[in-house]
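>>> let's see this in three dimensions:
(one chain, ligands or ions: 1)
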Amino acid sequence: MMKTLLTIVAAAALPLCAAAQDAHSINPASITIVIHGGAGALAPGRYTAEEEAAFRAKLTQALDAGYAILEAGGSSLDAISAAIVLMEDAPMFNAGKGAVFTHEGKNELDASIMDGATRNAGAITGVTRVKNPIKLAREVMENSPHVMFAGEGADQFAKEHGLETVKRKYFYTDHRWRAYKEALAKEKNKDENKEESALPHDFKYGTVGALALDLDGNLAAGTSTGGMTLKRYGRVGDAPIIGAGTFADNNSCAVSSTGWGEYFMRLTIARDICAQVEYAGKNVTDAANDVIHNRLRNLGGDGGVIVLGPDGDYAMTFNSAGMFRGVKNASEEWVAIYGE
Ligand code: ASP
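Next comes the predicted model:
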């Protein structure tokens, strides 16, 4: 780690001079990437040693890819995109390949991205053929006058803008199909009237998200997911909703959420955390603790958030048993799965 730090400080000599003229530039030691790979019923022992190692290796790879971009002076948007694409391509996460199945046995993907410098945002929901939904969300943000596209329209926009598309079966994985079949069987045994509220507790979530702070002092946030197993009727979760699943503003913080989406939408979790930072002067940890451990818990929801402030201060807060997560900055790099 010290070696990394020295490299950054050495490489930082020039940007530091530039910082004198640019009010937005930050101390290079503050560049940071924070990621999550979903929160849920992740108690120790849930995975085999090999599975755990695979999760940790993929989280580390995503952190390293994003951080390398930041270290080279790249933008926070590029850093989070690189990290999220790696996790979307990894079948172990519920985003891109490996997404969960809807009630009809399909994969419908949601994603959103936000630029903290401009508060520009892009989001897509219910796409079925775009290999990397986060790239599509970014394309919507950067090359359309709109913020959000849904379903067929989003897929059509992707095609017209040259994004890589795949056959629907690309998203299929055996483990998600098995989980889908088990969920269907479980649902049959439940009281019809209770099924909607009873289901989510049984499933590990697996959304992915990333936040970054770059050398120019710009924050960015992104989130990508397959949603929740057995979701019905074109259900839209929090992940593509700006202010619920994703938010970024250089004046307050960046947030990416994961958990029971309906609660995150009702509480506009991501925006609420940043509003507490902006209006109440809280630090990111206190703001996240209030929203997750008071407001979300009191309403009956579960899940977690990653939060990053414009000074590199970060929080990873969840009220579920665990959350796949990791951080890399000049002084630390670590990943974790359980509530340790
Ligand atoms: N929040 C996502 C949703 O409700 C699920 C997740 O985080 O895994 O769609």
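>>> for A82, which non-adjacent residue is closest in space?
Leaving aside its chain neighbours, A82 sits nearest to A65 (4.6 Å; criterion: Cβ to Cβ, 6 or more residues apart in numbering). Where you see a C-beta, it was placed from the backbone N, CA and C, and this is true even at glycine.
>>> not counting sequence-adjacent ones, nearest residue to the residue of the stretch 51-200 of the chain found nearest the ligand?
Of all residues in the stretch 51-200 of the chain, N94 sits closest to the ligand, at 5.5 Å by Cβ to the nearest ligand atom. The shortest distance from N94 to any non-neighbouring residue, by Cβ to Cβ, 6+ apart, is to G206 (2.9 Å).
>>> same question, K231
Closest to K231 by Cβ to Cβ, 6+ apart is T102, at 5.2 Å.
>>> can you tell me the element the one you found falls in?
Assigned by DSSP states H and E, T102 belongs to neither a helix nor a strand.
>>> number of nearby residues for it?
By other Cβ atoms under 10 Å, 22 other residues sit near T102.
>>> show me what contacts it?
E108, G227, L230, K231, R232, R235 (Cβ atoms under 8 Å, 6 or more residues apart in numbering).
>>> show me which pair in these is furthest apart.
E108 and L230 (11.8 Å; Cβ to Cβ).
>>> related to what we said a few turns ago, just checking, the residue nearest to N94 touches H36?
No: contact status for G206 versus H36: not in contact, 9.9 Å apart, counting by Cβ atoms under 8 Å.
>>> quick one, which of these two is more surrounded?
Per other Cβ under 10 Å, whichever of G206 and H36 has more neighbours is H36, with 29 against 26.
>>> quick check: the more buried one is in a helix.
No: counting by DSSP: H, G, I helix; E, B strand; the rest coil, H36 is not found in a helix; it is strand.
>>> give me the contact list for stretch 160-167.
By Cβ under 8 Å, 6+ apart, stretch 160-167 touches R129, V130, K131, N132, K135, L136, E139, N143, D155, A158, K159.
>>> please pick the buried ones from those residues.
R129, V130, K131, N132, K135, L136, E139, D155, A158 (16 or more other Cβ atoms under 10 Å).
>>> pick the one among these closest to E52.
Closest approach between the buried ones among the contacts of stretch 160-167 and E52, by Cβ to Cβ: N132, at 25.6 Å.
>>> hey, where'd the helices end up in the chain?
Under the criterion DSSP state H, helices of the chain are mapped to 2-11, 13-21, 49-71, 76-89, 133-143, 151-160, 174-188, 195-198, 261-266, 269-280, 284-289, 297-299.
>>> out of these, which is closest to M323?
Closest among the helices of the chain, using Cβ to Cβ: helix 49-71, at 11.0 Å.
>>> show me how far the closest one is from its chain's centre.
Centre-to-centre, helix 49-71 and its host chain are 14 Å apart (Cα atoms, centre = their mean, to the nearest Å).
>>> and it with helix 76-89, angle?
If you take axes from the mean of the first three to the mean of the last three Cα atoms, to 10 degrees, helix 49-71 sits at 160 degrees to helix 76-89.
>>> what pLDDT, on average, does helix 49-71 get?
Averaged across helix 49-71, pLDDT comes to 97.
>>> what packs against that helix?
helix 2-11, strand 32-40, helix 76-89, strand 208-213, strand 322-328, strand 333-336 (3 or more Cβ pairs under 8 Å, 6 or more residues apart in numbering; DSSP states H and E).
>>> kindly recompute the last result at 7 Å.
Applying 3 or more Cβ pairs under 7 Å, 6 or more residues apart in numbering; DSSP states H and E, we find helix 49-71 packed against strand 32-40, helix 76-89, strand 208-213, strand 322-328, strand 333-336.
>>> any idea which of those is most buried?
Counting by mean count of other Cβ atoms under 10 Å, strand 208-213 has the highest mean neighbour count of the helices and strands packed on helix 49-71, with a mean of 34.
>>> ok, it near the ligand or not?
No: using Cβ under 6 Å from any ligand atom, we find that strand 208-213 stays clear of the ligand, coming within 8.5 Å at best.
>>> same question for that strand, mean pLDDT?
98.
>>> check which helices and strands it sits against.
strand 32-40, helix 49-71, helix 76-89, strand 219-225, strand 254-259, strand 303-308.
>>> now the residue nearest to A82: how far from T173?
From A65 over to T173 the distance is 22 Å, taken as Cβ to Cβ, to the nearest Å.
>>> find the centremost residue of the chain, please.
Against the mean C-alpha coordinate of the chain, by Cα atoms, centre = their mean, the closest residue is G209 at 1.4 Å.
>>> which positions in the protein make contact with the ligand?
Counting by Cβ under 6 Å from any ligand atom, the chain sits next to the ligand at 38, 94, 205-207, 225, 227-228, 237-239, 258-259, 261.
>>> just the buried ones from those?
Buried among those (16+ other Cβ under 10 Å): 38, 94, 205-207, 225, 227-228, 237-239, 258-259, 261.
>>> which one of these is nearest N289?
G259 (15.1 Å).
>>> and that closest one, bridged to which residues?
Bridge pairing for G259 (DSSP bridges) gives the partners G303.
>>> which residues does it contact?
A39, Y205, G301, D302, G303, G304, S320 (Cβ atoms under 7 Å, 6 or more residues apart in numbering).
>>> let me know the pLDDT of it.
In this prediction, G259 has a pLDDT value of 95.
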